[in-house]
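In: After the sequence you'll find the predicted model.
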Protein chains: 2
Amino acid sequence: MGNTHQHPAEELSLCSGCPFRESCLPGYLSGDNRRDLESCIDRPTPVHAGTHVVRQGQAFQYIGVLRLGTLKSYSVDRDGREQTLGFHMPGDVIGLSAIDEGKHPTNLVALDTVMICRVSFSKISELAARAPKLQSQLFKLLSRDIGSASKNSGNHAADERFAAFLLGMANRFALQGFSARRWQLSMSRMDIASYLCLTPETISRLFKRFQKEGLLAVEGRDVELKGRDRLEELASPVLNH
Amino acid sequence: MGNTHQHPAEELSLCSGCPFRESCLPGYLSGDNRRDLESCIDRPTPVHAGTHVVRQGQAFQYIGVLRLGTLKSYSVDRDGREQTLGFHMPGDVIGLSAIDEGKHPTNLVALDTVMICRVSFSKISELAARAPKLQSQLFKLLSRDIGSASKNSGNHAADERFAAFLLGMANRFALQGFSARRWQLSMSRMDIASYLCLTPETISRLFKRFQKEGLLAVEGRDVELKGRDRLEELASPVLNH
DNA sequence: CGGAAAGTTGAGTGGGATCAAGCCGCGTGG
DNA sequence: CCACGCGGCTTGATCCCACTCAACTTTCCG
């Protein structure tokens, strides 16, 4: 890095979908600050499926930008039971919940091959003091996670939560430029169950029922949404809290 | 305010329990910055029970520090049903979830007489750029809310969630210097039910059962915790996710 | 007072958990 | 090559907890 010349196309691909580099828009950052921002954001590093990116309790130092793949966030209670707290997709900023206590409150594990840009939090907050747009962006990212974390709170019917989950996945795939209609789940039925506070049996029955009702076609982890309108109808109690 | 002299005792009482003024510790803020911080934080204004402090959708401009009383955060779905999202107690910073979209995602209503210090968010973030400790404090407050929002996610048994709620209230009362053993609920059974995703009937039965089992004594809104150990045992699956 | 909202109590119901059995895909080793 | 085991997934039978509905009492406020 440093002075070495980078291919414009590579730079572009690095920038697209990175919430921090979005604050590099014309007039947002001076040349100096822009270089400083680049020095905060590490090159993306590949991680294999099953590898832990963060362990619960680990000291907080870096936040990260997920550029490719899926991460599962989960915690383990004293009896050893896993509770899936959420899934992260490309574009998501990870590790923000660790700022407060200085250590990560959850585990983060790769569900498939994942690329992450590490970002030194001390460096980027120092830079944020000099770059108002960047500071504002950090505040917004943190604020967004407060809101999204409270989405799952309501205790809705199983089919409603499941429909909301499917639509959420579809929308996030669409944001990456993939089809919102047809895609592959990166997580197991057990992960989905744990995330929605249901059992794998119930997830299995829901897949079957939704297929029978023509809402989707499913084969293993391949999913195709067929009745998006009906799914949105089902999910609306969840999405509107 | 301005040049008018303030009684030391009043200043002290203003400072205690205010998360922002805590960054005024020796060496944290220069004299200038300290004055600027004071100019961000309005004098506390009293609000009567039942008054809305914030309406869902309202434009975001101020965050706030709750100094006295209890706030209920809730949203209303399209069918008009209320969903209680949480309760705020003195020391809590409110409005942080509104930063992202520039408008408040929830309603905030006073459950009893409430005192709130409004804080101009644009002013305090500007100041934060000059005062690293203050910036760090803002990041921490935001991060804390991410973590606490995900606490309620798990789908545990009713008695476990109820026990966790009671202990949470006790701990927050204790933080204010009140008794953790005996206090008065500021919210109705319906609010508790909505918050825990249960029905008022279930809450009523839980109060009765807990009383019969010697875990607490309850009369109307007066609560006395009698079996704290047993309650913590019950709540542990919730608190450990 | 009186009317409404909050809270309590009881009886019955249903949705998702639990338990149990079996299936399928896959890697491993004989 | 097949036998075997294991984990993920499915399917069926049963159970239980919290919801629902209904009636009643209490509290709150005008």
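Out: Looks like it came in fine.

In: where does the residue nearest to residue A:130 when sequence neighbours are not counted land in three-state SS?
Out: Nearest-residue entry for residue A:130: residue A:33, 6.1 Å, with adjacent residues in sequence omitted and distances by Cβ to Cβ, 6 or more residues apart in numbering or on different chains. To be clear about C-beta, it is placed using only N, CA and C from the backbone, and glycine gets the same treatment. Assigned with DSSP: H, G, I helix; E, B strand; the rest coil, residue A:33 falls in the helix class.

In: residues in contact with residue A:33?
Out: Applying Cβ atoms under 8 Å, 6 or more residues apart in numbering or on different chains to residue A:33 gives the contacts A:127, A:130, A:131, A:134.

In: ok, the last one - how many residues close by?
Out: Going back to what we said before, that points to residue A:134. Residue A:134 is flanked by 24 other residues according to other Cβ atoms under 10 Å in any protein chain shown.

In: That one against residue A:37, yeah?
Out: Yes. Using Cβ atoms under 8 Å, residue A:134 is in contact with residue A:37, at 7.1 Å.

In: tell me, what's touching these two both at once?
Out: Counting by Cβ under 8 Å, 6+ apart, the residues touching both residue A:134 and residue A:37 are A:20, A:23, A:29, A:124, A:127.

In: Please identify which pair of the residues you listed lies farthest apart.
Out: Maximum pairwise distance among those (Cβ to Cβ): 12.2 Å, between A:29 and A:124.

In: and for these two, which residues touch both?
Out: A:37, A:134.

In: For chain A, which residues are neighbours of DNA strand D?
Out: Contact residues, chain A versus DNA strand D (Cβ under 7 Å from any atom of the strand): A:155, A:188-190, A:200-201, A:203-205, A:207-208, A:218, A:221.

In: one more time with 6 Å, if that's ok
Out: Proximity of chain A to DNA strand D is confined to A:188, A:189, A:190, A:200, A:201, A:204, A:205, A:207, A:208 under the rule Cβ under 6 Å from any atom of the strand.

In: okay, now the fifth one: neighbour count?
Out: In other words, residue A:201. Neighbour tally, residue A:201, other Cβ under 10 Å: 10.

In: again with the one 5 residues further on
Out: Using other Cβ under 10 Å, the number of residues around residue A:206 comes to 23.

In: give me the element it is part of.
Out: Here residue A:206 is covered by helix A:200-212, with elements defined by DSSP states H and E.

In: For the residue nearest to the spatial centre of chain A, give its distance to chain B.
Out: The centre of chain A sits closest to residue A:88, judged by Cα atoms, centre = their mean, with a distance of 2.1 Å. Distance, residue A:88 to chain B, using Cβ to the nearest Cβ, to the nearest Å: 13 Å.

In: bridging residues for the closest residue to residue A:51 other than its chain neighbours?
Out: Among residues not flanking residue A:51 along the chain, residue A:110 sits closest, at 5.1 Å (Cβ to Cβ, 6+ apart). Under the criterion DSSP bridges, residue A:110 forms beta bridges with residue A:71.

In: I figured residue A:110 hits residue A:45, correct?
Out: No. Counting by Cβ under 8 Å, residue A:110 does not reach residue A:45; the two are 11.3 Å apart.

In: near DNA strand C, which residues of chain A show up?
Out: Counting by Cβ under 6 Å from any atom of the strand, chain A sits next to DNA strand C at A:157, A:158, A:198, A:199, A:201, A:202.

In: and the fourth one, what is it in contact with?
Out: Going back to what we said before, that points to residue A:199. With the criterion set at Cβ under 8 Å, 6+ apart, residue A:199 makes contact with residue A:193.

In: What pLDDT is listed against it?
Out: For residue A:199, the pLDDT comes out at 97.

In: ok so, going back, close enough to count as contact, the residue nearest to the centre of chain A and residue A:71?
Out: Yes. If you go by Cβ under 8 Å, residue A:88 and residue A:71 touch, sitting 4.1 Å apart.

In: okay, and the common contacts of those two?
Out: A:94, A:108.

In: Quick check: pLDDT value at the closest residue to residue A:57 other than its chain neighbours.
Out: In space, and not counting its chain neighbours, residue A:57 is closest to residue A:103: 5.5 Å by Cβ to Cβ, 6+ apart. Looking at residue A:103, its pLDDT is 97.

In: And for residue A:112?
Out: 94.

In: And the residue nearest to residue A:130, how close does it get to DNA strand C?
Out: Residue A:33 sits 48 Å away from DNA strand C, taking Cβ to the nearest atom of the strand, to the nearest Å as the criterion.

In: same deal with residue A:55?
Out: 26 Å.

In: Now for that residue, how many residues are close by?
Out: Applying other Cβ under 10 Å, I find that residue A:55 has 12 neighbouring residues.

In: quick one, phi/psi of it?
Out: phi -110, psi 140 (degrees, to the nearest 10).

In: Counting neighbours, what do you get for the residue nearest to it when sequence neighbours are not counted?
Out: Leaving aside its sequence neighbours, residue A:55 sits nearest to residue A:107 (Cβ to Cβ, 6+ apart; 5.8 Å). By other Cβ under 10 Å, 20 other residues sit near residue A:107.

In: list the contacts for residue A:107?
Out: Residues near residue A:107 by Cβ under 8 Å, 6+ apart: A:52, A:54, A:55, A:56, A:73, A:74, A:75, A:76.

In: picking that back up, mind putting the contacts of residue A:33 in TSV, secondary structure and pLDDT included?
Out: Below are those laid out as TSV (DSSP: H, G, I helix; E, B strand; the rest coil; pLDDT from 0 to 100):
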residue	secondary structure	pLDDT
A:127	helix	93
A:130	helix	92
A:131	coil	92
A:134	helix	93
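
In: and the residues you listed, which two are the farthest apart?
Out: Most distant of the contacts of residue A:33, by Cβ to Cβ, are A:130 and A:134, 8.3 Å apart.

In: hmm, back to that, inside strands: which ones of the contacts of residue A:107?
Out: A:52, A:54, A:73, A:74, A:75, A:76 (DSSP state E).
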